[in-house]
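Student: Need the 3D shape of this:
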Amino acid sequence: MKELKTRILVVVSIIALIAPLFTACSDEPEGDNFRTFSDEMMSTYLKNRSQYSLFTEVVTRAKLMDLLSAYGSYTCFLPTNQAMETYLSGKGLSAVSQMSDADCDTLARTHMLDVLYSSYSMPEGVLTQPNMNNRYLTVSRELDESQNQIICINGDAHVIRELQDDSVTNGIIHPIDKVLESSTDYLADVIGRNPNLKLFTEALSKTKLKDSMALYRDPNYQQELNDDGTVFFFDYTTGADIYESARSPKEKLYGYTAFIVPDNVLKEKYGIETLEQLYNKACEIYDPIYGGINEDYHKFKNSDTDFSPLTDRRNPLNRLISYHLLNRNVHGYNLLTVVNNYGIRADKINPTEWYQTLFPYAMMKVEKVTVDNYVRGAVKNDIYLNRREDDRYSGITGAHVLPTVEGDYNNEALNGIYFLIDDLLKYDNVTKDQVMNCRMRMDMSTIFPEVMTNSMRMNYKSETALFTNDPAHDHSETYGTNYFFPEGYLEGVKVSNNGYFIYRRPRLGFYSYCGDEFICQGNFDVTFRIPPVPTEGDYQVRLGFAAMKQRGIVQIYFDENQSGKMEPQGIPLDMRHDLSHTTILGSTYWDAHANYDNLSDEQKSEELKELKNKGYYRGAYGANTSWSLQPILNYTGTPMSNMAPTLRLVLCTVHIRPNEDHHVRVRLVSENLNDDPTVNNNNEAMLDYIEIVPKSVYGITDEGMAEDPL
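Tutor: Next comes the predicted model:
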């Protein structure tokens with residue numbers, strides 16, 4: 001397979017070099033699938049090799065042979081007969097015939113992906129696409145006795161090095177020495193199986209937060225189908241006349257993520273060895289914030305058997321534990337922040353996400369440390385929670401998320417995943433007043449937990465997808481999937497007037513934060529809930545988007561007024577107008593300001609004032625408008641701040657209280673804007689990312705001071 005690896009590297013390198021030539025929001029260079037071919041389909045390969053006969057029997061029982069006889073791009077981690085015999089023996093079985101059809105289906109799909117992964121292209125950590133059982137596989141690498149690199153799947157199944165990358169017409173096969181299994185337990189039960197997490201396990205039970213993590217699949221959700229029972233696809237035109245298709249999700253799953261402090265860390269740092277001591281620590285953290293003792297809920301227990309006060313969401317221990325839980329399944333360590341730092345200038349800003357926790361109205365900051373100036377004792381490229389190290393605040397170290405779970409313990413459950421951290425998380429005044437006293441920038445795909453839980457964020461099939469437009473109105477989802485969301489699928493979102501709220505998968509040549517984006521199509525009227533603020537005060541709510549001639553005119557609203565109607569914010573927004581439009585900077589942009597790096601400090605200050613007066617900002621200096629292929633090549637794309645179409649609009653400047661829901665509404669008010677027959681105008685709105693910015697950041701007025709452009 002040396003030829004395969006060489007072809008991959010050459011194609012990727014060539015594409016990286018020509019990528020800057022593609023400047024439209026959705027223009028990607030064409031590409032081919034990176035693989036060589038044999039004369040066999042994967043089904044024939046399995047049938048013709050007796051050393052895999054037991055797994056072949058499983059695949060046959062699962063009725064997947066027809067699928068593996070068709071053209072496609074599949075990866076199979078193929079257990080040897082010896083691996084299958086060990087698996088069957090462990091289940092008390094002596095033959096595949098003793099397995100049920102359902103078990104065969106689950107086992108077969110666990111080992112297969114409808115994505116192409118060579119040994120070269122498998123990333124460390126979690127594969128970015130799930131297997132056919134909709135579960136994620138982890139990849140690690142170790143050295144054998146001869147110092148050869150061996151790929152490990154899910155920690156203990158080894159790809160047989162001499163046999164890896166066996167190519168067939170419709171995929172790649174990697175023989176493995178152990179059968180892959182996925183837990184069918186819920187997250188709280190998987191946590192409970194780790195004997196190093198006894199206190200957290202007991203706290204989940206006594207607070208009944210365990211019950212709050214007991215959902216998996218919505219039985220009432222049904223995918224939108226055509227009258228003949230086939231999947232309905234909505235065909236649309238977007239961006240630079242790109243013809244795409246989107247479908248509704250196949251299912252609606254619920255998921256959770258837990259960050260857990262092991263027992264030994266609690267003992268070493270705080271002297272905590274019992275649940276009551278953990279409760280006392282929670283009181284120490286939250287009593288100063290929420291004031292005094294309310295006997296209705298502020299108790300450790302009523303008796304040796306009655307722990308009911310702990311179930312009250314206002315109880316200090318309940319607050320403490322719930323702040324360690326997310327209402328989304330992030331699936332893997334490398335997916336806690338945007339995968340591979342895509343679209344982020346990681347030498348300028350740390351890739352950062354903001355997630356809501358099960359502590360009502362409380363956000364958590366999740367940050368990968370990449371900027372050299374702010375490493376300050378951290379492990380570079382590792383992930384930290386509620387850390388703040390920059391020019392304004394220092395010494396807020398947060399909690400370190402450990403990349404692996406020590407010991408032979410599985411951290412992935414049917415409905416979630418847990419990670420170990422080295423300190424308790426505290427939603428205290430330091431967190432709210434300092435860690436979160438900043439510009440909170442959130443990619444739209446992270447605002448809605450369902451997008452991450454259901455494996456939609458950053459979905460693409462093989463690296464080929466990053467260099468290729470979708471075929472025109474492609475219903476085969478060749479390179480990945482674009483999704484539209486029916487009413488009620490996304491919590492806190494209302495889609496009216498037969499409009500479509502669509503998530504577009506990542507692609508090269510993008511003009512969007514992290515490479516993906518949300519768009520509104522049709523006669524849309526979309527309302528969505530924004531994340532909560534940490535403290536009461538004045539905030540700017542901003543929208544990042546790419547202005548293009550195919551966009552429409554929309555009216556923006558924020559929250560309801562006293563009459564119960566949402567309040568319009570200013571005049572309608574024309575999403576065709578970029579920074580060079582006469583209503584914003586006009587020709588001045590091209591005369592001197594096109595490249596932000598070339599501006600003097602005085603020019604930057606003058607331009608910032610002019611833009612702020614008109615309710616705009618340049619795009620983020622810390623984000624790219626083209627795909628970063630590092631470390632393959634040192635290619636970083638163009639900063640958003642240097643592009644006229646990528647800008648930020650101040651949706652509103654409002655006084656916001658915490659512990660409340662706040663909503664933004666986007667309603668189409670235009671139709672058929674362009675007379676140019678070459679422009680296919682669908683009156684589209686683009687919603688790329690949201691910024692929630694406190695006055696302490698946007699309101700800087702001291703001489704020589706200004707909000708940073710990052």
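
Student: Now Gly395. Its backbone dihedrals?
Tutor: phi 90, psi 0 (degrees, to the nearest 10).

Student: And it, how close does it get to Asp708?
Tutor: According to C-beta to C-beta, to the nearest Å, Gly395 stands 20 Å off from Asp708. Using the backbone N, CA and C atoms, a C-beta is placed for each residue, glycine as well.

Student: higher neighbour count, those two?
Tutor: Asp708 (14 against 9; other C-beta atoms under 10 Å).

Student: residues near Glu162, how many?
Tutor: Residues near Glu162, counting by other C-beta under 10 Å: 7.

Student: Can you classify it by secondary structure?
Tutor: Following DSSP: H, G, I helix; E, B strand; the rest coil, Glu162 is assigned to helix.

Student: again, but for Trp590
Tutor: Following three-state DSSP, the label given to Trp590 is helix.

Student: before we move on, what about Ala188?
Tutor: Under three-state DSSP, Ala188 comes out as helix.

Student: Quick check: Glu273 touching Lys267?
Tutor: Yes: using C-beta atoms under 8 Å, Glu273 is in contact with Lys267, at 5.6 Å.

Student: Give the residue spans of the chain that score low on pLDDT.
Tutor: Counting by pLDDT under 70, the ranges of the chain that qualify are 1-38, 240-241, 292-293, 462-467, 592-593, 627-636, 672-682, 701-705.

Student: how does it look with 50?
Tutor: 1-37, 627-635, 677, 702 (pLDDT under 50).

Student: how's it carved up into domains?
Tutor: 33-176, 183-214+254-437, 454-698 (automatic domain parsing).

Student: To Ile447, which of those lies closest?
Tutor: domain 454-698 (6.4 Å; C-beta to C-beta).

Student: Distance across that closest one, terminal residue to terminal residue?
Tutor: 35 Å (C-alpha to C-alpha, to the nearest Å).

Student: For Leu88, pull up the helix or strand it's in.
Tutor: helix 81-90 (DSSP states H and E).

Student: For the helix or strand following that helix, buried residues please.
Tutor: The first helix or strand that comes after helix 81-90 along the chain, using DSSP H and E, is helix 101-110. Buried residues in helix 101-110, defined by neighbour count with 16 or more other C-beta atoms under 10 Å: Asp103, Cys104, Asp105, Thr106, Leu107, Ala108, Arg109, Thr110.

Student: do the same with stretch 200-219
Tutor: Quick answer for stretch 200-219 (16+ other C-beta under 10 Å): Phe200, Thr201, Ala203, Leu204, Ser205, Lys206, Thr207, Leu209, Lys210, Ser212, Met213, Tyr216.

Student: picking up where we left off before, just so I know, which of the domains of the chain lies nearest Thr237?
Tutor: Of all the domains of the chain, domain 454-698 comes closest under C-beta to C-beta, at 4.6 Å.

Student: Could you check how far that closest one is from the centre of its chain?
Tutor: Centre-to-centre, domain 454-698 and its host chain are 17 Å apart (C-alpha atoms, centre = their mean, to the nearest Å).
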